[in-house]
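Asks: curious how this folds, go ahead:
(one chain, ligands or ions: 1)
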Amino acid sequence: MSRRTVYMDHSATTPVREEVVEAMLPFYHELFGNPSSIHAPGRTVRRAVEEAREKTALALGAEPGEIFFTAGGTESNNITLRGAAKKRGEPGHIITSSIEHHAVLDVCSELAAEGHRVTFLPVDQYGRVSIDQLQEAITPDTFLISIMAANNEIGTLQPISAIGEVARERKILFHTDAVQIAGQLPIDLKKLNVDFLSLSAHKFNGPKGIGALYVRKGAKVTPLYSGGGQERKLRPGTENVPGIVGLSRAMELAVAEIKDKKKRLEALRYKMITGLMAIDETILNGHPEERLPNNVNVSFKHVEGEAVLLSLDLEGIAASSGSACSSGSLDPSHVLRAIGLDHPTAHGSIRFSLGWGNTEEDVDYLLEVIPRVVNNLRRISPTYRTNGSRKE
Ligand SMILES: Cc1ncc(COP(=O)(O)O)c(C=O)c1O
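Replies: Purely as a prediction, here's the structure:
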């Protein structure tokens, strides 16, 4: 097969769809008014923002008044976690998991440094939290549970509905970071017992720097910012109107196509996993079934994930690795350690995340290239002999 360009890093970000760009463009040009202005140009844009809110709410099974536009997943998480702590006003207890994205994990660590108690629930070998352990962790001063809907590295889905039931029974606020699940699997907020849910448009073929926060009617947090009255004071500042319109259009398209996309990506994922597991000493990370349709995360023993990534990049394939993250640290990711991988295995892990434009030919190309890449690296690996056994 001839060389091709294959993007398999859709969990990092996705391309913006043409229909989304088209919907956004007028709001950079003729429809540039400030939605807070009372004149006609302002009112027209206000209408567009409110229509976007209605569409987003409809796609999620929420009421328009429950949708707040933010600057993305990180901001939605911060507004909820810090806002809930601010509202409480005195130290209390928060429960989260040990495999959250840093936009939750680091906020929780900071809140702990400020006097709150935080339980970081462990996960099993597949990355799932246990409902029993969650129940046991609850104390009379637990005021917030934050557990992600799907993990960004290994794709494992959490039992969100069941966690929500526990939270509701015990009258504890429940937040879920749904950044990775949006656009991959249906979200029906009528059925999910969540009080807060974070979204980010650039993960579902929308623009970067725009997100949404669902806040169930009656659930309250104290705003973090001061300023104007935009987004009912929860997120003051002049609205990112093109972004808001783009998010709602991307959401609308994603929801309309979700069934077909899921089926198509699951078939590609199955083919990829089967092909990758045929390479000896390769393990699948994450849950075998309860995982995002677009996520494949594997560890190739005796190789460095970074080296595999660079070799794949030279062959035109973009993926992501679980070690040496943006911080420049050489520590393997907290997620891979939490599911029990030893350091060398975690260092050999690669995440492939499929998306809208990927085809069967992309998967064929990857499966043609990768055995060669892994074998070449293993040949120079001090822990691997060509017969596949480990050296002492
Ligand atoms: C699970 C999860 N939460 C939050 C974020 C942060 O979202 P944003 O880039 O919109 O701030 C990401 C992005 O990688 C993510 O995967």
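Asks: could you look up the SS state of the nearest residue to residue 152 once chain neighbours are set aside?
Replies: For residue 152, the nearest residue in space outside its immediate sequence neighbours is residue 180; the separation is 4.9 Å by Cβ to Cβ, 6 or more residues apart in numbering. Bear in mind the C-beta positions are built from the backbone N, C-alpha and C, glycine included. Taken by DSSP: H, G, I helix; E, B strand; the rest coil, the conformation at residue 180 corresponds to coil.
Asks: the one 3 residues further on now?
Replies: Per three-state DSSP, the secondary structure class of residue 183 is coil.
Asks: do the same with residue 197
Replies: Reduced to three states with three-state DSSP, the structure at residue 197 is strand.
Asks: what residue is smack in the middle of this protein?
Replies: For the chain, the residue sitting closest to the mean C-alpha position, by Cα atoms, centre = their mean, is residue 180 at 2.8 Å.
Asks: so it touches residue 148, yeah?
Replies: Yes: when contacts are counted by Cβ atoms under 8 Å, residue 180 is listed as touching residue 148 (7.5 Å).
Asks: where in this structure is pLDDT low?
Replies: Counting by pLDDT under 70, the chain contains low-confidence residues at 322-330, 385-392.
Asks: looking at it, which helix is longest?
Replies: For the chain, the helix with the greatest residue count under DSSP state H is helix 241-277.
Asks: nearest to the ligand: which residue in the stretch 201-350 of the chain?
Replies: For the stretch 201-350 of the chain, the residue closest to the ligand is residue 211, as judged by Cβ to the nearest ligand atom, at 5.2 Å.
Asks: so that residue makes contact with residue 72?
Replies: Yes: here residue 211 reaches residue 72: they are 4.0 Å apart, a contact under Cβ under 8 Å.
Asks: list the residues that contact both of the two?
Replies: For the pair residue 211 and residue 72, residues contacting each of them under the criterion Cβ atoms under 8 Å, 6 or more residues apart in numbering are 200-201.
Asks: the two: which is more packed in?
Replies: Neighbour count, other Cβ atoms under 10 Å: between residue 211 and residue 72, residue 211 has more, with 29 against 23.
Asks: where exactly do the helices run in the stretch 1-150 of the chain?
Replies: 18-24, 40-60, 73-88, 102-113, 131-137 (DSSP state H, counting those that start in this stretch).
Asks: ugh, typo on my part, it should be the stretch 251-392 of the chain
Replies: 305-314, 334-338, 343-347, 360-379.
Asks: any idea how far apart the tips of stretch 334-351 sit?
Replies: Counting by Cα to Cα, to the nearest Å, you get 15 Å between the two ends of stretch 334-351.
Asks: so is that stretch next to the ligand?
Replies: No: contact of stretch 334-351 with the ligand is not found when judged by Cβ under 6 Å from any ligand atom; the minimum separation is 10.4 Å.
Asks: for the stretch 1-150 of the chain, list the residues in contact with the ligand, please.
Replies: For the stretch 1-150 of the chain, the contact set with the ligand under Cβ under 6 Å from any ligand atom comprises 72-74, 101, 103, 148.
Asks: dump the residue contacts of the residue nearest to residue 152.
Replies: Residue 180 makes contact with 11, 148-152, 155, 203, 292 under the criterion Cβ under 8 Å, 6+ apart.
Asks: which residue, other than its chain neighbours, is closest to residue 198?
Replies: residue 76 (3.5 Å).
Asks: ok, back up a step: could you check the longest helix of the chain against the ligand for contacts?
Replies: No: Helix 241-277 lies out of reach of the ligand by Cβ under 6 Å from any ligand atom, never closer than 10.7 Å.
Asks: got the angle between that helix and helix 360-379?
Replies: Angle of helix 241-277 versus helix 360-379, following axes from the mean of the first three to the mean of the last three Cα atoms, to 10 degrees, is 60 degrees.
Asks: pick the most buried one from the helices of the stretch 1-150 of the chain.
Replies: Ranked by mean neighbour count, these are led by helix 73-88 with a mean of 23 (mean count of other Cβ atoms under 10 Å).
Asks: which residues belonging to stretch 307-318 are considered buried?
Replies: Judged by neighbour count using 16 or more other Cβ atoms under 10 Å, the buried positions of stretch 307-318 are 307-309, 311-312, 315, 317-318.
Asks: mind exporting that stretch as CSV, just the C-alpha atoms?
Replies: What follows is stretch 307-318, C-alpha atoms only, in CSV (Å, rounded to 0.1, in the frame of the first residue of the first chain):
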residue,chain,number,x,y,z
ALA,A,307,9.7,5.9,19.6
VAL,A,308,6.7,4.1,18.0
LEU,A,309,5.0,7.4,17.7
LEU,A,310,7.9,9.1,16.0
SER,A,311,8.3,6.1,13.6
LEU,A,312,4.5,6.2,12.8
ASP,A,313,4.7,9.9,12.2
LEU,A,314,7.4,9.3,9.6
GLU,A,315,5.0,6.9,7.9
GLY,A,316,2.2,9.6,7.9
ILE,A,317,0.3,8.2,10.9
ALA,A,318,-0.7,10.5,13.8
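Asks: how about the residues of the stretch 151-300 of the chain near the ligand?
Replies: If contacts are counted using Cβ under 6 Å from any ligand atom, the residues of the stretch 151-300 of the chain sitting beside the ligand are 152, 177, 179-180, 200, 211.
Asks: got a list of what the closest residue in space to residue 54 that isn't next to it in sequence touches?
Replies: Leaving aside its sequence neighbours, residue 54 sits nearest to residue 64 (Cβ to Cβ, 6+ apart; 4.8 Å). With contact set as Cβ under 8 Å, 6+ apart, residue 64 has these partners: 50, 53-54, 57.
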